[in-house]
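A.B. asks: turn this into a structure:
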Amino acid sequence: MKINFRKIGRRLLRFAAFIVVLILCGYIFLYIKQERFFFNPKILPKDYTYSFDQPFEEINIAVEDDVNLNALLFKTDSVSKGLILYFHGNAGAIHEWGERAYLYTENNFDVLFVDYRGYGKSDSFYEEESELYNDAQKIYDFALTRYDEKDIIILGFSLGTGFASYTAAKNNPKLLILEAPYYAWNEFIASMAPVPQALINYEIPSYKFLGEVKCPIRVFHGTRDFLIKPEEHSKRLKDLYPDKIERTLIKGAGHSVHLTKQYYDELKELLARY
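C.D. replies: Prediction:
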């Protein structure tokens with residue numbers, strides 16, 4: 001039987017061309033829709049009713065003329081020591097994130113959770129990185145209408161650590177807490193997905209922002225966080241700013257460090273000092 005190598009070669013070339021086109025189409029689709037993929041928001045109907053085991057106030061924070069961010073403010077039953085401004089992670093919405101409120105109200109702090117654009121009952125969607133920073137500052141400005149700046153702690157988890165770092169850099173809170181922080185968002189996403197870093201619209205360079213932060217910085221990171229790996233992210237941040245960052249590894253914890261007793265004990269001790 002005679003093998004037609006030329007015909008086989010043409011078929012292989014066509015197949016290779018198909019794969020290349022498929023990959024390029026995937027990149028184009030991902031580039032256009034990356035906010036939905038990388039931010040993974042949970043959308044709630046505007047008439048959604050929140051329900052929690054402790055009292056809360058629902059607030060809408062105007063960040064543009066036609067854009068409001070939905071927020072929940074939980075207050076401690078004790079005399080409040082101030083506010084923890086909480087920038088949450090990339091999934092879900094504040095109907096879930098609000099379940100963490102007790103971690104802070106039990107330590108005599110009020111806590112404000114805010115949904116980003118496209119999350120929960122918040123308006124609009126992000127189209128460019130500058131909108132993230134504008135919103136973060138507007139959220140902080142709102143906090144200043146209720147609390148003295150000397151009584152504000154900024155806390156960021158996962159995705160929110162970049163927003164928290166930016167906000168702390170541009171203002172003067174008394175403490176910045178970062179849980180499972182990344183070095184830079186575009187670098188993190190490129191390491192997680194087969195996407196060229198140049199195609200990622202959002203840099204969110206935490207490592208740059210932290211250089212401008214004037215308040216103490218406390219980092220918590222799980223030793224078994226296989227999503228945002230501590231050696232690749234928080235360790236590099238600590239190495240970059242050894243005198244500014246106090247880093248605590250939560251032994252055996254995954255990405256959600258708040259689920260561990262060590263975190264609760266460390267947080268209680270930390271907040272007692274502030």
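A.B. asks: okay, CA-based contacts and neighbour counts for the rest of this
C.D. replies: OK.
A.B. asks: residue ranges with poor pLDDT in the stretch 1-150 of the chain?
C.D. replies: Along the stretch 1-150 of the chain, segments meeting pLDDT under 70 span 1-38.
A.B. asks: can you give me the strands for it?
C.D. replies: 56-64, 67-74, 83-87, 110-114 (DSSP state E, counting those that start in this stretch).
A.B. asks: same check on the stretch 151-274 of the chain?
C.D. replies: Going by DSSP E, counting those that start in this stretch, the stretch 151-274 of the chain shows strands at 152-157, 175-179, 217-222, 245-250.
A.B. asks: export the third one to CSV, keeping only CA atoms.
C.D. replies: The C-alpha trace of strand 217-222 is given here as CSV (Å, rounded to 0.1, in the frame of the first residue of the first chain):
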residue,chain,number,x,y,z
ILE,A,217,0.5,46.3,56.8
ARG,A,218,-0.5,42.9,58.1
VAL,A,219,-0.7,39.9,55.7
PHE,A,220,-2.4,36.6,56.4
HIS,A,221,-1.9,33.7,53.9
GLY,A,222,-2.7,30.0,54.1
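A.B. asks: for E57, give me its contacts.
C.D. replies: Residues in contact with E57, defined by Cα atoms under 8 Å, 6 or more residues apart in numbering, are L72, L73, F74.
A.B. asks: okay, and the beta partners of it?
C.D. replies: The residues listed as beta-bridge partners of E57 by DSSP bridges are L73.
A.B. asks: surely L73 meets Q54?
C.D. replies: No - under the criterion of Cα atoms under 8 Å, L73 lies out of contact with Q54, with a separation of 10.7 Å.
A.B. asks: what's the span of stretch 121-138, first residue to last?
C.D. replies: 17 Å (Cα to Cα, to the nearest Å).
A.B. asks: give me the buried positions along that stretch.
C.D. replies: Of the residues in stretch 121-138, those buried by neighbour count under the rule 16 or more other Cα atoms under 10 Å are K121, S122, D123, L132, Y133, D135, A136, Q137, K138.
A.B. asks: can you tell me which of those residues is closest to N186?
C.D. replies: Taking Cα to Cα as the measure, N186 lies nearest L132 of the buried residues of stretch 121-138, at 14.4 Å.
A.B. asks: verify the stated contact: that closest one with F163.
C.D. replies: Yes - under the criterion of Cα under 8 Å, L132 makes contact with F163 at 7.4 Å.
A.B. asks: wait, doesn't T161 sit right on E179?
C.D. replies: Yes - T161 is within contact range of E179, at 7.0 Å (criterion: Cα under 8 Å).
A.B. asks: circling back to that earlier point, to E212, which of the strands of the stretch 1-150 of the chain lies closest?
C.D. replies: Using Cα to Cα, those put strand 83-87 closest to E212, at 18.7 Å.
A.B. asks: strands paired with the closest one, and their directions?
C.D. replies: Paired with strand 83-87 in the same sheet, following DSSP bridges, are strand 110-114 (parallel), strand 152-157 (parallel).
A.B. asks: in TSV: those, plus mean neighbour count and distance to Y202.
C.D. replies: Formatted as TSV, the entries for these read as follows, by neighbours: other Cα atoms under 10 Å; distance: least, Cα to Cα, whole Å:
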stretch	mean neighbour count	distance to Y202
strand 110-114	26	20
strand 152-157	25	17
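A.B. asks: nearest to D265, of the ones you listed?
C.D. replies: Comparison of the strands paired with strand 83-87 against D265 by Cα to Cα identifies strand 152-157 as nearest, at 16.7 Å.
A.B. asks: which stretches in the chain count as helices?
C.D. replies: With helices called from DSSP state H, the chain shows them at 5-39, 94-97, 102-105, 129-146, 160-170, 185-192, 206-209, 234-240, 261-272.
A.B. asks: and the second one, what's buried?
C.D. replies: Yep, that's helix 94-97 we're talking about. By neighbour count, and taking 16+ other Cα under 10 Å as the criterion, the buried residues in helix 94-97 are I94, H95, W97.
A.B. asks: for T161, give me its contacts.
C.D. replies: The contact partners of T161, by Cα under 8 Å, 6+ apart, come to F87, L155, L178, E179, A180, P181, Y182, S206.
A.B. asks: the fourth one contacts D225, doesn't it?
C.D. replies: No - contact status for E179 versus D225: not in contact, 10.9 Å apart, counting by Cα under 8 Å.
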